[in-house]
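A.B. asks: Need the 3D shape of this:
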Amino acid sequence: MPPTPYNRPRLGAIPEDEGTRFTVWAPGAQQVTLTTNPNGTATTHALERLDDGYFTALLADAPPGTRYGYHLNEGPLFPDPASRFQPDGVHGPSEVIDPTSFAWTDENWAGIPHEDLVLYELHVGTFTEAGTYEGVRQRLDHLVSLGITAIELLPVADFPGRWNWGYDHAALFAPSRAYGRPDDLRRLIDAAHQKGLAVYLDVIYNHLGPDGAYAAAFQPMFTDNHTTPWGAAINFDDAHAAGVRDFFLQNARHWLEEYHIDGFRLDAIQTIYDDSDPHFLAELGQLATSVEGPERLVIAEDDRNLNTVVQPRSDGGYGLDAMWIEDFNHLIRTHTAGPDRGIFAPFAALDATALAETIKRGWYYDGKEAPDGARRGTSTDGIRAQQCVFYIQNHDQVGNRPHGERLHHETTLAAYRAATALLLFLPHTPLLFMGQEWAASTPFQFFTDHHEELGRQVTEGRQGEQRHVAGFDGPGPDPQDEQTFRRSILDWEERASAPHRETLTLYQTLLNLRKTLEGPVTATVLSPDALGVERGTDRLIVAFSGDQTLPVPPTGGVTWHTEEARFAPDGETPVVQNQHVYFPTAAALLWDRDDA
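C.D. replies: Numbering: from 1, shown residues only. Just a heads-up that it's a prediction; the model follows:
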């Protein structure tokens, strides 16, 4: 079946039978000139103006590997906004890449059903010492043996400098040269598919990075009709919005088709503003379902508990497949690491009743009044468990702590094990953050590598933000310091030693158990700090603190608990007696009611 035609000219430098087709959208330009080999024997070519501000040229002598850039109205040389690769960084010339030359071997890949997703979020630059796509590929067997079914890459679109979280993206179509070449990313995805792993990509459609994002020089990328934390909003509903929407839709399509990506995580969609119909996110969801091949899923980060995100497009929703649920994470934190300021404040006074309601319904704040008097969230009616992504760590929740502390750095390992058991027992889509499966000792800190002036502004801004976070004890790590990046690289060798070895065994055991669990979930409050959660004949009793006695079912027995020696070298065993269990410390206990 031939690919679906593009509604507008295909952006970028695309090799064709007769040569390479160069196309750019620059509606405000009178002329656009293409320069090839700008650092060698440069040649220039005037592009033909098409309708709606598109410019194009077909060159017979610009094969893959050719460096090039554009001049707008005889201005300076800019890289292609839809460049497929920036070999010398985001400020340098672009390189022609043939996306069809890679020899894929995943023709039988059928994807991972939504209900089987176990997501594993990772940052390519710090996942391994190599910090490359190839480094990730060499660790895929670890993820398979763990029980992961999908990796979720933090943004890989190229950014300024040598390292970055990825949210300062500048070249949206170009995988970062810091991690390898485009075919290295394809090789990683192809290998993942061969091993039964889906690959999701974190994409950012709510802002552009502060340095090197040349798309804004070509097109009316922003509108003053809406404001975001980064300034003016992306223009999805103002003059020339059709071309801007097309730019981002083509970007999504290029990841799906040219890289066989299985789906997306959309960054902070509460800052994507669109008063037109259909909403941009509905169009994006529709695009994902229309691409040939396995089913593609779109997962959104949204802090509003907005049911519109996952409601069907036929009912006026965006029709996305799932959304990150902050309520679960924040409630887990209040039960393990204690109350906090800032984003955790609305959860500080809530007990296990709120957590049980979140498990049963999908999120807690469904229009309820928060402590500040504001009503938060929307109804959970019709929301399915698989549409809710639950987590107890992610890059934000770790990286935005004052020193990049992980949850297990701020609570006891016993409480961490109990929270882990709850997360992986539930039918909601779980997400792990790299290294949490062995209680990694390394932090994940906020790091950048900007030029001096921008770097100074980032450092000052970061330190100002951290003053509002509990645990702030003065200026934290400087994002611009190379050691901030180096400290965040996982230490794979520590997996062989306690307690990391035992924690890894716990995660493997829980993920194996997860495959056998069936049916809906019910949650019962056993104490202000304890829950009973049931699926089928299995009942998970979770105590977030010790020195409490909780009831157990009248029949059955203990299958395992998180304080066993194989999971906890320092474990304290729960004691079962007279249809009750005494927890000397925080723990989770699995009770099989069919076990005589």
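
A.B. asks: From the chain's centroid, how far away is stretch 395-409?
C.D. replies: Taking the mean of its C-alpha atoms, stretch 395-409 sits 16 Å from the chain's own mean (C-alpha atoms, centre = their mean, to the nearest Å).

A.B. asks: average model confidence for that stretch?
C.D. replies: Stretch 395-409 shows a mean pLDDT of 96.

A.B. asks: same thing with stretch 128-142?
C.D. replies: Stretch 128-142 comes out at a mean pLDDT of 98.

A.B. asks: Now do it: distance from first to last residue.
C.D. replies: Separation of the first and last residues of stretch 128-142 by C-alpha to C-alpha, to the nearest Å is 12 Å.

A.B. asks: what sits up against it?
C.D. replies: 122, 124-125, 127, 151, 163, 175, 178-180, 184-185, 187-188, 191-192, 195, 197, 489-490, 492 (C-beta atoms under 8 Å, 6 or more residues apart in numbering). Using the backbone N, CA and C atoms, a C-beta is placed for each residue, glycine as well.

A.B. asks: Helices - which of those residues land there?
C.D. replies: With helices taken from DSSP state H, the overlap with the contacts of stretch 128-142 comprises 124-125, 127, 184-185, 187-188, 191-192.

A.B. asks: quick check, nearest of those residues to residue 21?
C.D. replies: Nearest to residue 21 among these: residue 185, at 22.8 Å, using C-beta to C-beta.

A.B. asks: burial count for that closest one?
C.D. replies: For residue 185, the count of nearby residues is 28 (other C-beta atoms under 10 Å).

A.B. asks: ok so, going back, of the ones in helices among the contacts of stretch 128-142, which is the nearest to residue 500?
C.D. replies: Proximity of the ones in helices among the contacts of stretch 128-142 to residue 500 (C-beta to C-beta) peaks at residue 127, which lies at 16.1 Å.

A.B. asks: That closest one against residue 490, yeah?
C.D. replies: Yes. The pair residue 127 and residue 490 passes the contact test of C-beta atoms under 8 Å, sitting 6.1 Å apart.

A.B. asks: Show me how this structure divides into domains.
C.D. replies: Domain assignment for the chain by automatic domain parsing gives 12-95, 116-326+392-411+429-512, 517-592.

A.B. asks: among the ones you listed, which is the most enclosed?
C.D. replies: domain 116-326+392-411+429-512 (a mean of 20; mean count of other C-beta atoms under 10 Å).

A.B. asks: Start and end of that domain, how far apart?
C.D. replies: Start-to-end span of domain 116-326+392-411+429-512 (C-alpha to C-alpha) is 12 Å.

A.B. asks: Okay, now the unreliable bits of the stretch 151-300 of the chain?
C.D. replies: Counting by pLDDT under 70, not a single residue of the stretch 151-300 of the chain qualifies.

A.B. asks: That one: helices as residue ranges?
C.D. replies: Here the stretch 151-300 of the chain has its helices, by DSSP state H, counting those that start in this stretch, at 182-194, 215-218, 241-258, 280-290.

A.B. asks: same question, the stretch 401-550 of the chain
C.D. replies: 413-425, 452-466, 482-487, 500-514.

A.B. asks: Can you pull out the residues in contact with the third one?
C.D. replies: Counting contacts by C-beta under 8 Å, 6+ apart, the residues outside helix 482-487 that touch it are 125-126, 163, 404, 442-443, 445-447, 449, 477-478.

A.B. asks: roughly how far out does it sit from the chain middle?
C.D. replies: From the chain centre to the centre of helix 482-487 is a distance of 22 Å (C-alpha atoms, centre = their mean).

A.B. asks: What's the mean pLDDT across that helix?
C.D. replies: What helix 482-487 shows for mean pLDDT is 98.

A.B. asks: and if you look at the last one?
C.D. replies: Taken as a whole, helix 500-514 has a mean pLDDT of 98.

A.B. asks: Same check on stretch 36-51?
C.D. replies: Across stretch 36-51, the average pLDDT comes to 94.

A.B. asks: Alpha carbons only: can I get it in CSV?
C.D. replies: The C-alpha trace of stretch 36-51 is given here as CSV (Å, rounded to 0.1, in the frame of the first residue of the first chain):
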residue,chain,number,x,y,z
THR,A,36,24.9,23.5,-0.8
ASN,A,37,28.3,22.6,0.6
PRO,A,38,28.6,26.0,2.4
ASN,A,39,32.0,25.0,3.9
GLY,A,40,33.5,23.8,0.6
THR,A,41,32.8,24.6,-3.0
ALA,A,42,29.5,26.3,-2.3
THR,A,43,26.8,26.6,-4.9
THR,A,44,23.5,28.5,-4.6
HIS,A,45,20.1,27.8,-6.1
ALA,A,46,17.0,29.9,-6.0
LEU,A,47,13.9,28.1,-4.8
GLU,A,48,10.6,28.3,-6.6
ARG,A,49,7.8,29.9,-4.7
LEU,A,50,4.6,27.8,-4.4
ASP,A,51,1.2,28.6,-3.0
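
A.B. asks: circling back to that earlier point, residue 103 is nearest to which of the domains of the chain?
C.D. replies: domain 116-326+392-411+429-512 (8.6 Å).

A.B. asks: any weak-confidence spans in the stretch 401-550 of the chain?
C.D. replies: For the stretch 401-550 of the chain (pLDDT under 70), the answer is 467-474.

A.B. asks: Now do the contacts for residue 94.
C.D. replies: 13, 67-69, 79-80, 83-86, 174.

A.B. asks: oh, I was asking about residue 194
C.D. replies: Contacts of residue 194 by C-beta under 8 Å, 6+ apart are 105-106.
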